[in-house]
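# let's see this in three dimensions:
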Amino acid sequence: MTPAQTFLARVCLGVVVGIISVATLSSTRLRGLSRETFDRLVTGALIVSRLAAYISAFFIARLEPRGDVAGGYWPEANQALMGFLPYRDIHNSYAPLHPYLDALVIRLWHSPLALILFAICIEWLLLPVWLKAGRNFFTEHELRNGALLYLTSAISFQFVSIDGQDNVIVACLLACAVLLLYRRRNLASGAAIGVSVACFKFLPLLYVPSYLSVALRRWRWILGCALSIGVVYGTCAALHLPIFSTLDIEGTKRTANNLPYLIEAVTGITMSSSFWNAITLAMIAIVLVVIFNAIRKTTSESGRFRILTLAMATLTLVVVIFSKKSWPPYLMLALFPICLVVPTENKLKTTAFALFGVVALVAPSYWSSIQKEFSAQEFHQGLVTHQTSCFIFFLIQTLLVLGYAWLLSESIRLIIATPGAGSGAYSSVDSFGGNRETASFTVATSRGSQT
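Numbering: from 1, shown residues only. Presented below is the predicted three-dimensional model:
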């Protein structure tokens, strides 16, 4: 496909899926479904819809895998099959076990399509895990709305079913870590986070402080996480592999689709990497203070886990806004928690989230395919010389950052609104019954009780 065709295809996918999303959230037939029926319905729909997208893209439209799968996962997996070592022979930007995990997958089917199918299969586990965990600390209508938004998310369709991004595997491990922690399996919960770091990237470490603030046996959680990371990276260190080379590689990279890029494009001033890194760390610190304060004021266990889930959305959104190297696929790390923060009782905001999905799809495509990954300074020159394509790109970038900011504000609002953390009351709308409930959100303190 040509760059223009790729861009148009993403627009069409985003619009079609967005319309389906708004229609699904407006359906009244879902209100009477039992929990068991609803869970089977959304899980089955997730499996069928993602497989349909995969088959349509690669076996009917005959598209070739592209992006990270073609440029990173596939060649590195083949190098791992040949016995090469990470960072010394395999010059990758991922965790040490990443090429070996992909190598296991392509042993079963030696095709880059196998890597995309693997990501899809892992995603099938995501909704069942969140539904099982979330009912302990979210209302039924919140959880159902979040599940339906995820099911009908253009972001998931594109970045998993077509692009094969492995961020969804990290997301599944993060969800498992929440469920395990709620069940007081601290060691296993920490190990799930550690595995995500050892297999994929350092980014999951961003969520560690939130997990620790909720864990009752913090040292067991830390031990599980440290063992998973230490064994892998310790082995690499023993083999004298340059394990921190990936930080040197990634530390200087810059991408579009974030606030630093937009500011530098408008002002024409290039800030140092250390400046933007400091800004990002400062914003993360501020958000963590809000999260810790909310957890400290919350007396119920379920309330703390509610904040932990919302914190995943908040921290992810801070990163995609302020990091100089971030892009929409990072949303997959916490897409389900992000879906939980969307106020679906407001049809306008439900539609806004659907439109945000369209922007999130086209923004990286426009930058990489049409603008050929030009720098912020090149973007600035295009704006100064009144290039039409640059004004279109400016609109896309602005809408994307505003969408991030909107979702961030919603997630922080819900964290503060958790009983005991702020107002002490929670107002919600039952989207399935159509009636507004305004009452104290009584969070059960006994294990296993459901709101």
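# can you pull the pLDDT of residue 292?
The confidence metric pLDDT takes the value 96 at residue 292.
# any low-confidence regions in the stretch 1-150 of the chain?
Within the stretch 1-150 of the chain, not a single segment meets pLDDT under 70.
# export only the CA atoms of the helix or strand that residue 228 is a member of, formatted as CSV.
For residue 228, the host element (DSSP states H and E) is helix 218-238. Extracted in CSV, the C-alpha atoms of helix 218-238 (Å, rounded to 0.1, in the frame of the first residue of the first chain):
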residue,chain,number,x,y,z
ARG,A,218,6.0,-5.3,50.2
TRP,A,219,9.2,-7.2,50.6
ARG,A,220,7.6,-10.4,49.2
TRP,A,221,6.4,-8.3,46.2
ILE,A,222,9.9,-6.7,45.7
LEU,A,223,11.5,-10.2,46.0
GLY,A,224,9.3,-11.6,43.2
CYS,A,225,10.0,-8.6,41.0
ALA,A,226,13.7,-8.5,41.7
LEU,A,227,14.2,-12.3,41.2
SER,A,228,12.6,-12.2,37.7
ILE,A,229,14.7,-9.2,36.7
GLY,A,230,17.9,-10.2,38.5
VAL,A,231,18.2,-13.7,37.1
VAL,A,232,17.9,-12.5,33.5
TYR,A,233,20.0,-9.4,33.7
GLY,A,234,22.5,-11.0,36.1
THR,A,235,23.1,-13.8,33.5
CYS,A,236,23.6,-11.2,30.9
ALA,A,237,26.1,-9.3,33.1
ALA,A,238,27.9,-12.6,33.8
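# give me the next element, helix or strand, following that helix.
Helix 218-238 is succeeded, C-terminally, by helix 245-251 (DSSP H and E).
# buried sites along that following helix?
residue 246 (16 or more other CB atoms under 10 Å). From N, CA and C alone the C-beta is placed, and that goes for glycine too.
# can you list contacts of that helix?
For helix 245-251, contacts defined as CB atoms under 8 Å, 6 or more residues apart in numbering pick out 87, 92-94, 202, 273, 325.
# filter the residues you listed down to the buried ones.
Counted by 16+ other CB under 10 Å, the contacts of helix 245-251 give 87, 92, 94, 325 as buried.
# and the third one, what does it touch?
This means residue 94. Going by CB under 8 Å, 6+ apart, residue 94 touches 72, 76, 200-201, 246.
# by neighbours, which of these wins?
Highest neighbour count within those, by other CB atoms under 10 Å: residue 76, with 23 neighbours.
# tell me if I'm right that it and residue 96 touch.
No. Using CB atoms under 8 Å as the test, residue 76 is too far from residue 96 to be in contact (11.3 Å).
# common neighbours of the two, please.
The contact sets of residue 76 and residue 96 do not overlap (CB under 8 Å, 6+ apart).
# max-length helix in this protein?
The residue-count maximum for a helix in the chain (DSSP state H) belongs to helix 388-417.
# against which helices or strands is that one packed?
Other helices and strands packing on helix 388-417, by 3 or more CB pairs under 8 Å, 6 or more residues apart in numbering; DSSP states H and E, are helix 259-267, helix 273-297, helix 301-322, helix 335-340, helix 347-365, helix 376-384.
# let me know which of these is tucked in deepest.
Highest mean neighbour count among those (mean count of other CB atoms under 10 Å): helix 335-340, with a mean of 27.
# gap between that helix and the chain center?
Offset of helix 335-340 from its chain centre (CA atoms, centre = their mean, to the nearest Å): 8 Å.
# what is it packed up against?
helix 126-134, helix 140-151, helix 167-182, helix 301-322, helix 388-417.
# which outside residues touch that helix?
With CB under 8 Å, 6+ apart as the contact definition, helix 335-340 has outside contacts at 126-127, 130, 134, 138, 142-143, 145-147, 149-150, 153, 155-156, 171, 175, 309-310, 312-313, 316-317, 331, 407, 411, 414.
# now do stretch 164-174
Contact with stretch 164-174 is made by 65, 67-69, 73, 98, 112, 115-116, 118-120, 122-123, 125-126, 129, 156, 159-160, 192-193, 195-196, 199-201, 203-204, 207, 312, 329-330, 332-336, as judged by CB under 8 Å, 6+ apart.
# the residues you listed in helices, which ones?
Short answer: the contacts of stretch 164-174 in helices (DSSP H) are 68, 98, 112, 115-116, 118-120, 122-123, 126, 129, 156, 192-193, 195-196, 199, 312, 335-336.
# that older thread, from the contacts of helix 245-251, which is closest to residue 17?
Of all those, residue 325 has the smallest distance to residue 17: 27.2 Å, by CB to CB.
# if I pick the closest one, what's in contact with it?
Counting by CB under 8 Å, 6+ apart, residue 325 makes contact with 250, 253-255, 258.
# can you tell me how far it is from residue 209?
Distance check for residue 325 against residue 209: by CB to CB, to the nearest Å, it reads 21 Å.
# next one: residue 189
Using CB to CB, one gets 14 Å for the distance from residue 189 to residue 209.
# of those two, who's got more company?
For residue 189 versus residue 209, the count of surrounding residues by other CB under 10 Å is larger for residue 189: 26 against 15.
# circling back to that earlier point, in the longest helix of the chain, what's buried?
Taking 16+ other CB under 10 Å as the neighbour-count basis, helix 388-417 is seen to contain the buried residues 390, 393-394, 396-397, 399-401, 403-404, 406-408, 410-412, 414-417.
# let me see the mean pLDDT of it.
For helix 388-417, the mean confidence score works out to 96.
# same deal with stretch 319-332?
On average, the pLDDT along stretch 319-332 is 95.
# for the remainder of this discussion, apply numbering that starts at 694.
Happy to do that; since the first residue is 694 now, the last one works out to stretch 1012-1025.
# gap between the two ends of it?
13 Å (CA to CA, to the nearest Å).
# now do that stretch: distance to the chain's middle.
Computed by CA atoms, centre = their mean, the chain-centroid distance of stretch 1012-1025 equals 9 Å.
# again with stretch 737-757
21 Å.
# and the end-to-end length of that stretch?
Start to finish, the residues bounding stretch 737-757 are 27 Å apart (CA to CA).
# tell me the confidence at residue 1137?
pLDDT recorded at residue 1137 is 39.
# ugh, wrong one, residue 880
pLDDT, residue 880: 97.
# I'd guess it is in a strand, am I close?
No. Residue 880 sits outside any strand when classified using DSSP: H, G, I helix; E, B strand; the rest coil, being helix.
# which residues does the closest residue to residue 973 other than its chain neighbours contact?
The shortest distance from residue 973 to any non-neighbouring residue, by CB to CB, 6 or more residues apart in numbering, is to residue 1015 (4.4 Å). Listed by CB under 8 Å, 6+ apart, the contact set of residue 1015 reads 951-953, 969, 972-973, 976.
# surely residue 841 meets residue 717?
Yes. At 5.3 Å, residue 841 counts as touching residue 717 under the criterion of CB under 8 Å.
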